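Colleague: task: produce atomic coordinates for the following.
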Amino acid sequence: MASKPKFQSPTGMHDILPEDQQYFAKIYEVVSEIADFYEFGKIDTPLLEEAELFSRGIGVSTDIVKKEMYVFRTKGGDLLSLRPEFTAPIVRAYIEHGMQNLSQPVKLWYFGPCFRYERPQAGRHRQFWQFGFEILGEKSAAIDAQIIQIFYNVLKQLKLKNLIVEVNSIGDNQCRPYYKKLLANYFKTREGSLCADCKRRVKENVLRILDCKEEKCQPIKTQAPQILDHLCDECREHFKEVLEFLDEISLPYKLNPYLVRGLDYYTKTVFEIFADKEEKENETLVSPVSLVGGGRYDKLVKILGGRETPASGAAAGIERIVELMKSQEVKITKPSQAQVFLAQLGVLAKKKSLKLVEDFRKANIKVAESLGKDSLKTQLSRANKIGARFTLIIGQEEALSNKVIIRDMQSGKQDVVKIEKIVDEVKKRLKKA
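Modeller: Below is the predicted model:
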C-alpha cells in the first residue's frame, strides 16, 4: 500500500486541477459576458480585511462571525480576517473610494475565493469560490427582480436544469422587531424540542431558526408565524412589486415564507436559487442544492460608515455549480486542436523550432510540438493522435539550409519549403483543407 505524501492541501481546501479549470473558465466567460451586457464593472477586493468589517457588517451573533472566520493578529497588532464573503468588502470599497458621489446606481461584479472554517462536505469547502453581482444606490423593487433574473440567466446559460427560485421578504427595522418577538415567544414554548444550535438562536438570533436544516426542528419550524403576515405597509408594497416584476418577465418562482439569510444585513427581499437533484434508481433522496443566495441590504452602507444607501445583490457558489454541471453532464466546448504539428531532430533544429513556434503564434495559427523528444517516430505518432492536418519536419539538414519539410498527414505527400515562407504556405493550405 502506497504511503501518503508528506504534504497535502489543508483540510477543506482543494486544488483546482486542469480538468476542473475548464468549468471555472466557462463559468467566468458566461458571468463576464452577462456582467458586460448589464453594464456591471468588475471589482477585486483583498483576501484580507479588518475583522471588525465582518463582525459589524454581518452581525456578531451569526454563525459566520462566531464560528467560521479565519481571524489572526498581524505582527503590527492589526486584527485581520480572511474574507468569508464579498458584500461587506465591496461596501467598504464603495465608501472608501467615494463611489457614493458617482452617478447611482453603482453596479459591481466579482469572481474569487472566500474562506470559512466549517465542516468540509460535498459542495462545501473551507476555501471556496464565488461570483456575485451588487447594485448600490437604488431602492426600486425592479432592481431586486433584475438581480434574481441575472443569476437565473447565468445558470440557464450554463445549461443547468431543474432550477427552483425561492423568494421571501424578511421586512425591515419597522416590522421585523415585532415579528422577531412573536417568533421568540413561539419557539420559547417549544425550546425543549429544538436542536442545540436553535436553543442558542432563540436568545441570540431567532430568525436563523427558520434556516435550520436539522430534522428535529422541521415540524416546529413549519408551524411558526410567517413574516409575510406581519410586514409593514412599505415592505409589503415593495415585495408585491418584486413579485409583479418577476411575473412580468415570466421567471418561475416559489414563495417560501420561512426563507431567511444567514447574515444580519439583509432587509426586505431575500432569495435563493436551488437545483433539484434528478432522481435515479437505487439513490437515496437528496435535498435540493443551493447555488445562489442574496437579497436587499439597505442598511449595510450606513452600518459601515457611509450614508444611508439602498442596495441589492447576491452570490453564487462556483464549486457547487461545477459539481452540478458534471452531474447533469453539461458539455464544455473544448478549444480547437492544433491542425499543425512541428517535429524536429537535433539541437539546431530545436533552436529553429522555437523561433518558428513564435512566428505561428503571431500569425494566430495553433501549433503543437514535442520539443523534448528526439525520435521522429514518437513525434509523428503524437501528430496522428491529435489529428494534425500537416506536420512540419526540421532535421539537421533542413536546419542548416533554412528549409522545412511539410507533410500532408492525409495523403502522406511531402514538400520542402523555405523557412521564411512556411507560415504563409501553411496558412494557404489550411484554407484549402
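
Colleague: the lowest-mean-pLDDT helix or strand in the chain: how far from the chain's middle?
Modeller: Every helix and strand in the chain was compared by mean pLDDT, DSSP states H and E; the lowest is helix 63, with a mean of 74. Centroid displacement of helix 63 relative to its chain, using CA atoms, centre = their mean, to the nearest Å, is 22 Å.

Colleague: please apply the same query to stretch 37-50.
Modeller: Chain-centre distance of stretch 37-50: 13 Å, with CA atoms, centre = their mean.

Colleague: quote the end-to-end distance of that stretch.
Modeller: One end of stretch 37-50 sits 33 Å from the other (CA to CA, to the nearest Å).

Colleague: ok, now stretch 101-119?
Modeller: This stretch, stretch 101-119, spans 42 Å end to end (CA to CA).

Colleague: ok, then the element right after the least confident helix or strand of the chain?
Modeller: Moving toward the C-terminus from helix 63, the next helix or strand (DSSP states H and E) is strand 71-73.

Colleague: what segments of the stretch 151-300 of the chain are strands?
Modeller: Counting by DSSP state E, counting those that start in this stretch, the stretch 151-300 of the chain has these strands, from start to end: 163-169, 254-255, 267-275, 289-296.

Colleague: break the chain into its domains for me.
Modeller: The chain breaks down into these domains under automatic domain parsing: 18-171+252-327, 340-432.

Colleague: these into CSV, with extra columns for mean neighbour count and distance to residue 233?
Modeller: From N, CA and C alone the C-beta is placed, and that goes for glycine too. Shown next, in CSV, are the domains of the chain (neighbours: other CB atoms under 10 Å; distance: least, CB to CB, whole Å):
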stretch, mean neighbour count, distance to residue 233
domain 18-171+252-327, 18, 11
domain 340-432, 16, 61
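
Colleague: with distance to residue 243 added, can I get these in a markdown table?
Modeller: What follows is the domains of the chain, written out as a markdown table (distance: least, CB to CB, whole Å):
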| stretch | distance to residue 243 |
| --- | --- |
| domain 18-171+252-327 | 7 |
| domain 340-432 | 50 |
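
Colleague: who's the closest spatial neighbour of residue 390, skipping the chain neighbours?
Modeller: Nearest non-adjacent residue to residue 390, counting by CB to CB, 6 or more residues apart in numbering: residue 340, 5.3 Å away.

Colleague: wait, residue 257
Modeller: Nearest to residue 257 is residue 226, by CB to CB, 6+ apart, at 4.0 Å.

Colleague: wait, isn't the one you found in contact with residue 255?
Modeller: No. At 9.8 Å, residue 226 does not count as touching residue 255 under the criterion of CB atoms under 8 Å.

Colleague: helices of the stretch 1-150 of the chain, start to end?
Modeller: 18-37, 51-57, 63, 87-96, 141-157 (DSSP state H, counting those that start in this stretch).

Colleague: pretty sure residue 139 contacts residue 298?
Modeller: Yes. When contacts are counted by CB under 8 Å, residue 139 is listed as touching residue 298 (7.0 Å).

Colleague: and for the two, which residues touch both?
Modeller: Common neighbours of residue 139 and residue 298, using CB atoms under 8 Å, 6 or more residues apart in numbering, are residue 310.

Colleague: how near is residue 195 to residue 184?
Modeller: Residue 195 sits 16 Å away from residue 184, going by CB to CB, to the nearest Å.

Colleague: what about stretch 391-405, distance to the chain center?
Modeller: That offset, for stretch 391-405, works out to 48 Å (CA atoms, centre = their mean).

Colleague: same deal with stretch 156-172?
Modeller: The answer for stretch 156-172 is 15 Å, by CA atoms, centre = their mean.

Colleague: repeat for stretch 194-214
Modeller: With CA atoms, centre = their mean as the basis, stretch 194-214 stands 28 Å off its chain's centre.

Colleague: distance between the ends of that stretch?
Modeller: Length of stretch 194-214, first residue to last, CA to CA: 9 Å.

Colleague: over to stretch 164-183?
Modeller: By CA to CA, one end of stretch 164-183 lies 27 Å from the other end.

Colleague: avg pLDDT for it?
Modeller: Summarised as a single mean, pLDDT over stretch 164-183 is 92.

Colleague: got it, and stretch 307-324?
Modeller: The pLDDT scores in stretch 307-324 average 96.

Colleague: is it true that residue 49 touches residue 78?
Modeller: No. Counting by CB under 8 Å, residue 49 stays clear of residue 78, with 10.5 Å between them.

Colleague: how close does residue 142 sit to residue 45?
Modeller: Taken as CB to CB, the span from residue 142 to residue 45 is 27 Å.

Colleague: same check, this time on residue 250
Modeller: As for residue 250, its distance to residue 45 is 35 Å (criterion: CB to CB).

Colleague: just residue 231 next, same as before
Modeller: As judged by CB to CB, residue 231 and residue 45 stand 33 Å apart.

Colleague: what does residue 423 give?
Modeller: To residue 45, residue 423 is 44 Å away according to CB to CB.
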